[in-house]
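# Provide a 3D model corresponding to the input given below.
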Amino acid sequence: MICFSRIDDRLIHGQVVTTWVNMYNIEQIIVLNDKIANDKTQKNILAMAAPQGIKVKAFPIEKFGEIIKTTEITRRTMLLFSSSVDVLTAVRAGVPIPSLNIGGMRYQEGRERLTKALAVTPEEKAAFKELLAGEMDITVQMVPNDEKINLKEVI
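The predicted structure follows:
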């Protein structure tokens, strides 16, 4: 059962993930990212970064879309993405994501800053707009104690 979906360009890191894992009683984290899914070293690093007792899996996005059509997820699961483009790919592949939390997409050259925690490329902005058009509930919130910002208000 997918309980929580999040974009964080740092993926699994310390306190932030632990707070969300505890809040949603998460048993497994699935990272949907083509590059990481095919990189054994990255997968090992993610597994080591996860809170104790949490299973971590990484899948290519399209492949996970196929898996979810025939396989029920029984563990309480967090989906983790590094960008809105990956989320849009997942939705198009049939992954059910009714709501999305944006934890962080950091600012760097060539990115437009929308909030303190969120900066996007034109491609990522277009992907967010398409997700919003599909009625997805998208909020920006680094940690549970932070105020939720509705993406519709800043994009």
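# helices and strands of this protein: which one bottoms out on pLDDT?
Sorting the helices and strands of the chain by mean pLDDT, DSSP states H and E puts helix 14-24 at the bottom, at a mean of 87.
# C-terminal to that one, what's the next element?
The helix or strand immediately downstream of helix 14-24 is strand 28-32, counting by DSSP states H and E.
# how about the helix or strand that that next one is followed by: buried residues?
Next in sequence after strand 28-32, counting helices and strands by DSSP H and E, comes helix 34-37. For helix 34-37, burial by neighbour count (16 or more other Cβ atoms under 10 Å) applies to 36, 37. Yep, even glycine has a C-beta here, placed from its N, CA and C like the rest.
# which other residues reach helix 34-37?
Under the criterion Cβ atoms under 8 Å, 6 or more residues apart in numbering, residues 11, 31, 42, 43, 46, 58, 59, 60, 61, 63, 86 lie in contact with helix 34-37.
# now, those that are in helices?
Among the contacts of helix 34-37, the members falling in helices (DSSP state H) are 42, 43, 46, 61, 63, 86.
# make CSV out of these and add pLDDT.
Below are the ones in helices among the contacts of helix 34-37 laid out as CSV (pLDDT from 0 to 100):
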residue, pLDDT
42, 94
43, 93
46, 92
61, 98
63, 98
86, 98
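# just checking, residue 117 touches residue 139?
No - at 11.2 Å, residue 117 and residue 139 do not qualify as touching, with contact defined as Cβ atoms under 8 Å.
# and for these two, which residues touch both?
Residues touching both residue 117 and residue 139 by Cβ under 8 Å, 6+ apart: residue 102.
# of those two, who's got more company?
Counted by other Cβ atoms under 10 Å, residue 117 and residue 139 do not tie: residue 117 has more neighbours, with 19 against 16.
# quick one: the residue of the chain most remote from its centre and residue 121, what's the gap?
Ranked by distance from the centre of the chain (Cα atoms, centre = their mean), the top residue is residue 109, with 22.3 Å. Distance of residue 109 to residue 121, given as Cβ to Cβ, to the nearest Å: 11 Å.
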